[in-house]
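Enquirer: give me a 3D structure for the following:
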Amino acid sequence: MVPVSSFCLVKLLLTKGRLTHCLLTERKTFKCLTTTFLCAGPSTACLSTLGSSIGKKNILIMGPPGAGKTTVGRIIGHKLGLPVIDVDDDILEKAWDMTVAEKLSKVGGEQFLEEEGRALLNFTISGSVISLTGSNPIHSRSMEHVKQNGIAVYLDVCTEDIIERLERMKVDRIVGQGPDVSMRDILRYRQQFYKKWYDTRVLCGAGDTPDEIADKVLEAVKRYQDSESETFVSTRGSNTGKTFFSDVIVEGLAPDGGLYVPLNGLPKLTSSECQRLVDMSFPERAQVLLERCIHPADVPSAHLLEIVERAYGENFACSRIAPVRHLMHNQYVLELFHGPTASFKDLSLQLMPQLFAYCIPQTCNYLVLVATSGDTGSAVLEGFNNLSDIDKQRISVLAFFPEKGISSIQKMQMTRYVEGNVKAVGVNSDFDFCQRAIKKMFTNAELTGFLAVEYGTALTTANSINWARLLPQVVYHSSAYFDLVSQGVLAFGDPIDVCIPTGNFGNVLAAVYAKRMGIPIRKLICASNQNHILTDFLRTGEYDLNGRRLLMSASPSIDILKSSNLERYLYLISNGDWQLVRDLYSQLERQNLFRVPGSLLERIQQDFLAGWCSEEECLATIQSVHSAAGYILDPHTAVAKVVADRLQDGTCPVVIASTAHYAKFAPAVLKALKFKEVTANPLHQLELLRSLGSLPSVHNTLLESLKEEDKQKHKVCEADHNALIHQVETFIQDKFMKVW
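Expert: Next up is the predicted model:
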């Protein structure tokens with residue numbers, strides 16, 4: 001439990017009780033080297049500004065041997081009018097009075113690295129472009145020395161290109177080079193050091209010329225220096241001051257009730273950059289894409305790498321994290337259920353808590369409030385439960401779920417957390433009520449002010465309304481495309497369709513963003529169950545809650561009528577027309593409906609197809625796919641399969657997002673597979689499914705977690721807003737000490 005400093009408390013009191021907008025999110029200290037650049041590319045005027053802004057800083061060009069560091073450094077120096085230093089030619093050989101190859105031959109690799117590092121430690125210069133050697137980053141002390149006064153730019157060149165260049169150049173001065181050591185192994189070993197030291201990365205394509213790479217370096221340096229260029233705005237427009245990623249991840253919801261989106265959208269990848277991602281692993285792709293979307297002022301690359309490696313490692317049952325598997329005909333399944341809670345939410349919620357813990361200030365407590373229709377709850381609880389002990393002292397999670405609206409296994413997953421910093425509470429209502437109640441708490445100035453003053457505690461959210469929840473989903477939709485290219489299913493540049501079961505619109509919105517970043521997605525197919533308000537909206541442009549009753553289904557995670565992330569899409573497709581978005585959602589609050597203009601509906605339908613699936617069709621599809629392919633779909637994936645069969649035209653591959661492991665919905669799956677007598681015991685149900693020997697295999701982490709279940713009773717409260725507030729206050733009293 002973290003006591004709150006007087007400075008922290010003063011800032012809280014100055015918020016007039018409105019906590020979510022001033023959550024003390026002081027951006028990580030970051031020295032901005034220049035004012036904002038207004039030019040879009042490396043024009044003469046911009047280059048002059050960039051060159052003068054470097055001042056006493058150096059640009060350090062870093063990368064493997066054969067990456068073109070010397071040539072690129074000279075081009076940059078010429079463009080900026082700065083001195084150029086090549087470490088090999090201008091420092092080492094002058095200091096040693098012999099060539100680098102001669103020195104390496106004379107003293108051997110280990111001694112060479114030490115003397116190379118010593119020479120760099122004795123060298124000091126400012127306002128220059130320095131081309132480092134391929135082995136400089138191995139020597140920690142010398143890198144610390146040069147980085148004190150330099151911005152390290154990593155030229156990330158494909159290993160195959162490097163090997164071809166080195167063979168062509170007949171290079172013989174690489175530390176570790178020898179007849180018994182492959183160049184591939186040397187390059188693989190060195191990557192860890194490049195990743196440790198770089199400030200910004202340039203992803204070099206196979207056909208990129210030195211001039212093109214130099215321009216990319218200049219753009220990367222410009223972005224790195226301009227720490228205030230990447231800001232966020234509310235979808236409803238009332239923005240005061242600059243809001244950065246590190247603010248957004250903590251605040252969750254914008255002060256005006258809107259959702260945060262990046263002011264300038266997400267970055268566009270070039271074709272050559274996308275091609276580089278084809279041969280990368282999932283964590284490597286995640287690192288590249290997240291670096292482009294999160295400014296290093298918020299999360300530096302080295303810290304982001306640590307976070308990504310913790311998020312996507314042995315905690316996933318499949319080393320490929322989110323593999324793509326052929327199902328039948330032109331249909332492929334994106335398996336998003338290999339994480340610890342067997343749901344697609346793990347792809348975001350193994351990462352987001354780590355980002356959250358890094359970005360928040362150290363002086364205050366945070367309560368993460370979550371409304372869940374099933375899978376979000378267990379994934380949030382698991383993700384935040386895995387934080388370090390220090391972080392868990394100041395970050396807790398309280399999840400509300402519809403008591404009768406989720407599967408028994410989903411409930412067991414959430415209610416097994418009986419100690420520590422996370423807890424789940426059932427509510428005798430539906431998901432929409434839970435979500436509404438939480439939104440009201442965020443806009444309740446009296447409540448947030450009380451929690452701030454009494455407990456120094458800020459409220460935030462990990463639902464998909466939080467931008468940091470949505471961003472990792474862009475990664476797996478992008479990765480699916482690269483996997484299909486890597487597997488030879490399609491040629492690079494050929495399009496795919498994607499079909500996604502959705503209720504809150506976050507998962508399918510992430511695919512929209514992936515398309516905007518340059519992934520060749522042709523059509524997005526929105527798949528609904530019998531609660532098909534999204535399908536109706538995408539077909540008609542009318543979002544009408546009147547007379548609709550939420551129906552329980554075999555696919556409870558999409559049993560939602562009020563889709564939060566649709567707001568972000570409307571902002572995006574209307575080209576940032578926040579007044580329109582604000583008016584639409586004001587109408588929704590007053591009248592329970594809104595209609596978008598006809599011109600906007602036309603644009604929406606250029607992106608989307610939409611359909612829905614009955615309960616009978618869902619269960620029949622589980623059975624028919626199992627009979628034909630020996631593969632078991634969970635009910636949500638079955639919904640998507642039905643809709644894909646109905647709407648996709650067969651002219652390109654369609655990727656169906658499989659959002660959960662079938663074991664989480666064992667009763668519905670066993671019913672679909674015609675099992676006559678099904679025990680009520682979830683473990684026995686999973687054993688029945690395991691006995692089939694079908695694909696995918698039973699989720700062992702899920703199975704083991706259920707075996708460990710202590711059968712603890714969980715708290716259930718009535719569908720009353722004040723009852724939920726009482727749960728919040730009680731939980732905070734238990735977790736955080738009073739300020740006074």
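
Enquirer: please identify the helix or strand for the most centrally placed residue in the chain.
Expert: The centroid of the chain falls nearest to Pro472 when counting by C-alpha atoms, centre = their mean (1.8 Å). With elements taken from DSSP states H and E, the one containing Pro472 is helix 467-486.

Enquirer: buried sites along that helix?
Expert: Burial within helix 467-486, assessed by neighbour count using 16 or more other C-beta atoms under 10 Å, is assigned to 467-485. Heads up, the C-betas are built off the backbone N, CA and C, glycines and all.

Enquirer: by contact count, what packs against whichever strand or helix holds Ala220?
Expert: Under the criterion of DSSP H and E, Ala220 resides in helix 210-225. Counting contacts by 3 or more C-beta pairs under 8 Å, 6 or more residues apart in numbering; DSSP states H and E, helix 210-225 packs against helix 44-54, strand 58-62, helix 69-80, strand 150-157, strand 200-204.

Enquirer: averaged pLDDT, the next helix-or-strand element following that helix. What do you get?
Expert: Beyond helix 210-225 in the direction of the C-terminus, DSSP H and E gives the next helix or strand as strand 232-234. With pLDDT averaged residue by residue, strand 232-234 scores 96.

Enquirer: now do stretch 611-628
Expert: Averaged over stretch 611-628, pLDDT sits at 98.

Enquirer: buried residues in that stretch, which are they?
Expert: Residues of stretch 611-628 classed as buried: 611-613, 615, 617-619, 621-623, 625-626 (neighbour count, 16+ other C-beta under 10 Å).

Enquirer: number of nearby residues for Met98?
Expert: For Met98, the neighbour count with other C-beta atoms under 10 Å is 13.

Enquirer: that one in helix, strand or coil?
Expert: coil (DSSP: H, G, I helix; E, B strand; the rest coil).

Enquirer: could you check how far the closest residue to it other than its chain neighbours is from Leu538?
Expert: If the residues on either side of it in the chain are set aside, Met98 comes closest to Lys106, at 7.6 Å by C-beta to C-beta, 6 or more residues apart in numbering. Here the distance between Lys106 and Leu538 works out to 71 Å (C-beta to C-beta, to the nearest Å).

Enquirer: which one's more surrounded, these two?
Expert: Taking other C-beta under 10 Å, Lys106 and Leu538 do not tie; Leu538 has more neighbours (25 against 11).

Enquirer: show the end-to-end separation of stretch 453-460, please.
Expert: Terminal residues of stretch 453-460 are spaced 16 Å apart (C-alpha to C-alpha, to the nearest Å).

Enquirer: list the buried residues in it.
Expert: Burial within stretch 453-460, assessed by neighbour count using 16+ other C-beta under 10 Å, is assigned to 453, 455-460.

Enquirer: ok, stretch 581-600 next?
Expert: By neighbour count on 16+ other C-beta under 10 Å, the buried set for stretch 581-600 is 581-582, 584-585, 588, 594, 596, 600.

Enquirer: residue ranges in this protein under the pLDDT threshold?
Expert: When the per-residue scores of the chain are filtered using pLDDT under 70, the ranges that remain are 1-54, 240, 709-712, 737-740.

Enquirer: one more pass at 50, please.
Expert: Judged by pLDDT under 50, the chain has its weakly predicted residues at 1-26, 28-41.

Enquirer: what angle separates the helix holding Ala220 from strand 58-62?
Expert: Between the direction of helix 210-225 and that of strand 58-62, the angle (axes from the mean of the first three to the mean of the last three C-alpha atoms, to 10 degrees) works out to 120 degrees.

Enquirer: any idea of the angle helix 210-225 forms with strand 150-157?
Expert: 140 degrees.

Enquirer: from the chain's centroid, how far away is helix 210-225?
Expert: 25 Å (C-alpha atoms, centre = their mean, to the nearest Å).

Enquirer: which ones among the buried residues of stretch 611-628 are found in strands?
Expert: Secondary structure defined by DSSP state E assigns 611-612 of those to strands.

Enquirer: dump the buried residues of stretch 611-628 to a markdown table, plus distance to Thr659.
Expert: A markdown table is the format used below for the buried residues of stretch 611-628 (distance: C-beta to C-beta, whole Å):
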| residue | distance to Thr659 |
| --- | --- |
| Gly611 | 17 |
| Trp612 | 16 |
| Cys613 | 14 |
| Glu615 | 18 |
| Glu617 | 18 |
| Cys618 | 13 |
| Leu619 | 17 |
| Thr621 | 15 |
| Ile622 | 14 |
| Gln623 | 19 |
| Val625 | 15 |
| His626 | 18 |
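
Enquirer: residue ranges of the strands in the stretch 451-600 of the chain, please?
Expert: If DSSP state E, counting those that start in this stretch is used as the criterion, the strands of the stretch 451-600 of the chain fall at 457-461, 496-501, 521-528, 542-544, 593-595.

Enquirer: can I get the longest one as PDB, trimmed to CA atoms?
Expert: What that stands for is strand 521-528. The C-alpha trace of strand 521-528 is given here as PDB (Å, rounded to 0.1, in the frame of the first residue of the first chain):
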ATOM      1  CA  ILE A 521      -7.400  -6.100 -45.800                       C
ATOM      2  CA  ARG A 522     -10.200  -5.900 -48.400                       C
ATOM      3  CA  LYS A 523     -13.400  -6.400 -46.400                       C
ATOM      4  CA  LEU A 524     -14.100  -6.500 -42.700                       C
ATOM      5  CA  ILE A 525     -17.000  -8.900 -41.900                       C
ATOM      6  CA  CYS A 526     -18.800  -8.100 -38.700                       C
ATOM      7  CA  ALA A 527     -20.400 -11.200 -37.200                       C
ATOM      8  CA  SER A 528     -23.100 -10.900 -34.600                       C
END
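
Enquirer: which strands and helices sit next to it?
Expert: strand 496-501, helix 506-517, helix 533-540, strand 608-612, helix 635-647.

Enquirer: just put those in JSON lines and tack on distance to Glu309.
Expert: Output for these, formatted as JSON lines (distance: least, C-beta to C-beta, whole Å):
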{"stretch": "strand 496-501", "distance to Glu309": "27"}
{"stretch": "helix 506-517", "distance to Glu309": "22"}
{"stretch": "helix 533-540", "distance to Glu309": "36"}
{"stretch": "strand 608-612", "distance to Glu309": "35"}
{"stretch": "helix 635-647", "distance to Glu309": "29"}
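
Enquirer: for Arg292, which of those is the nearest?
Expert: With C-beta to C-beta as the measure, helix 506-517 is the member of those nearest Arg292 (8.0 Å).

Enquirer: how near is the residue nearest to Phe337 when sequence neighbours are not counted to Leu584?
Expert: Leaving aside its sequence neighbours, Phe337 sits nearest to His661 (C-beta to C-beta, 6+ apart; 3.9 Å). As defined by C-beta to C-beta, His661 lies at a distance of 36 Å from Leu584.

Enquirer: also Gly506?
Expert: In terms of C-beta to C-beta, Gly506 sits 18 Å off from Leu584.

Enquirer: now swap in Cys318 and tell me
Expert: Per C-beta to C-beta, Cys318 is found 41 Å from Leu584.

Enquirer: repeat that for Lys268.
Expert: In terms of C-beta to C-beta, Lys268 sits 28 Å off from Leu584.

Enquirer: then Leu683?
Expert: Using C-beta to C-beta, one gets 47 Å for the distance from Leu683 to Leu584.

Enquirer: swap in Trp612?
Expert: Here the criterion is C-beta to C-beta. By it, Trp612 lies 22 Å from Leu584.
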